[in-house]
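Asks: next come a sequence and a model predicted from it.
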2 protein chains.
Amino acid sequence: MTESAPSASRQAQKERTRQAILASALELSHEKGFAQVSLRQVSRHAGVVPTAFYRHFESMDQLGLALVEQSFSTLRRMIRDAQRDPHVFDNIIDAAADVLVEAVKQSKAHFAFVARERVGGPEVVRTAIRHELDLFVSELAVVLARLPNIENWSTEDVQMVSRLFVRNMVSNAEEVVEMPDGRPDLEEQIKEGARRQMRLIVVGFRDWRS
Amino acid sequence: MTESAPSASRQAQKERTRQAILASALELSHEKGFAQVSLRQVSRHAGVVPTAFYRHFESMDQLGLALVEQSFSTLRRMIRDAQRDPHVFDNIIDAAADVLVEAVKQSKAHFAFVARERVGGPEVVRTAIRHELDLFVSELAVVLARLPNIENWSTEDVQMVSRLFVRNMVSNAEEVVEMPDGRPDLEEQIKEGARRQMRLIVVGFRDWRS
DNA sequence: GAAATGAGTGAACATGCGTACACTCAAAGT
DNA sequence: ACTTTGAGTGTACGCATGTTCACTCATTTC
């Protein structure tokens, strides 16, 4: 980023370039997967010479890890916001389906990144994503454990339901991401599917009592 | 494959080289993903000069499609064998869990390929895999529809259960594939998880009746 | 047995890559 | 005002890649 603003505090400009690199990597990853994106391509797309890349990340792997971090912080913020919404308590399922579809649509790029690189990315990136998802399962379990019908379940059961929910979230996120752009009907269909699946999990669990 | 057997019918030798290329691609894909494997690497690993590659596949994309085909024919053979096993009828769930884990262990490479390239691979490969999985959902639906408790369900419900089963199969296959080698305990754990999840789906569906 | 076929060879090419190095030249620190 | 700092530049390198082309020579065809 040679000089777009006439001047900016030195570190502000640096941060701006850093974000440009991150955004470029995210965008380029969408077409062919992070692993096929080269350092030179990212730099070029960010409007910077390849060597400048190293001022911000010491390798493409590190860039990948930064993207994982960015993606999950986005995800976490959304879940936190959703929890504040009071109507989540009386109908978690519909709310979750709504939140999921909306969240994925809003930051499609990050969700796509996680879904793709979780299995297709470089080793270090895959590991980081798995770790974050495991964390996320535990976090969700805490939230779930406070819910009316669930509060007297065993820890393992709650953990398992949480795992199923996250797994379904990932699967549904994959679907939303693959969704063509101007098709709100498909979106509703996926939402409905997500609702059904979650209801299935909850109903199944209640009638089964581990 | 210059000449390993002193002589072999011309086309037999060609087929052998073809298989060597397929096997090499599968093996190399396991470490870094199909998309990062180069034509030259595959050729080298198959013991053949790069130009010879073109005698068998017109591009890496075509090689990828051939691998998809090979993987799914493996998968289908396994399901067909499993259906012959009579005890599948009285307890589909446990049987399915067994079959899944066993099948995945036996042809780990192919399952890993499908799981990875389904989301991480080149466009054409992803499309092919999705298509095969959709087919597979429909095929499984036919099998399920014949089952005792399910025969009077609506077509959509059967299709949806089938989709859930396949989705779970894929997820569990991912887990088995990621499983370290000498850990039969983990294996049993995954099997148990698969059993629970499938039971959940079935129980949930029965008590819900669409 | 001579001719045709075609799987596999080997050299050559243009291109894109990651990284090293010496550099510029404003902003920040003094 | 001066020096120092460090984000971004430009050149140059060695290397792996996909694809081309003219080739060999054992097997198949006649």
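Replies: Arrived safely.
Asks: enumerate every residue touching the closest residue to chain B within chain A.
Replies: Proximity to chain B, evaluated over chain A using Cβ to the nearest Cβ, is greatest for residue A:120 at 1.8 Å. The way it works is simple: take the backbone N, C-alpha and C, and place the C-beta from them, glycine included. Residue A:120 makes contacts with A:33, A:35, B:33, B:35, B:116, B:117, B:119, B:120, B:121, as judged by Cβ atoms under 8 Å, 6 or more residues apart in numbering or on different chains.
Asks: over to residue A:201?
Replies: Taking Cβ under 8 Å, 6+ apart as the test, what residue A:201 contacts is A:161, A:164, A:165, A:168, B:200, B:204.
Asks: distance from the strand or helix carrying the third one to the middle of the chain?
Replies: What it means is residue A:165. Per DSSP states H and E: residue A:165 is located in helix A:155-178. Relative to its parent chain, helix A:155-178 has a centroid offset of 12 Å by Cα atoms, centre = their mean, to the nearest Å.
Asks: over to the residue positioned nearest the centre of chain A: give its phi and psi.
Replies: Residue closest to the mean C-alpha point of chain A, counted by Cα atoms, centre = their mean, is residue A:111 at 3.9 Å. For residue A:111, the backbone dihedrals (degrees, to the nearest 10) come out as phi -60, psi -40.
Asks: how about residue A:91?
Replies: phi -150, psi 80.
Asks: what is the burial count for it?
Replies: The local packing of residue A:91 (other Cβ atoms under 10 Å in any protein chain shown) involves 12 other residues.
Asks: do the same with residue A:174
Replies: 20.
Asks: what about the nearest residue to it once chain neighbours are set aside, distance to DNA strand C?
Replies: Counting by Cβ to Cβ, 6 or more residues apart in numbering or on different chains, residue A:174 lies nearest to residue A:115, which is 4.8 Å off, once chain neighbours are set aside. In this view, residue A:115 and DNA strand C are 23 Å apart by Cβ to the nearest atom of the strand, to the nearest Å.
Asks: wait, residue A:115 sits on residue A:173?
Replies: Yes: the pair formed by residue A:115 and residue A:173 meets the contact definition of Cβ atoms under 8 Å, at 5.7 Å.
Asks: apart from its chain neighbours, what residue comes closest to residue A:179?
Replies: Distances taken as Cβ to Cβ, 6+ apart put residue A:186 closest to residue A:179, at 5.4 Å, once the chain neighbours are dropped.
Asks: can you tell me the SS state at the one you found?
Replies: Following DSSP: H, G, I helix; E, B strand; the rest coil, residue A:186 is assigned to helix.
Asks: what's the local residue count around it?
Replies: Neighbourhood size, residue A:186 [other Cβ under 10 Å]: 14.
Asks: got it, and the one 10 residues further on?
Replies: Other residues within reach of residue A:196, judged by other Cβ under 10 Å, total 19.
Asks: and it, what's its pLDDT?
Replies: The predicted local distance difference test score for residue A:196 is 83.
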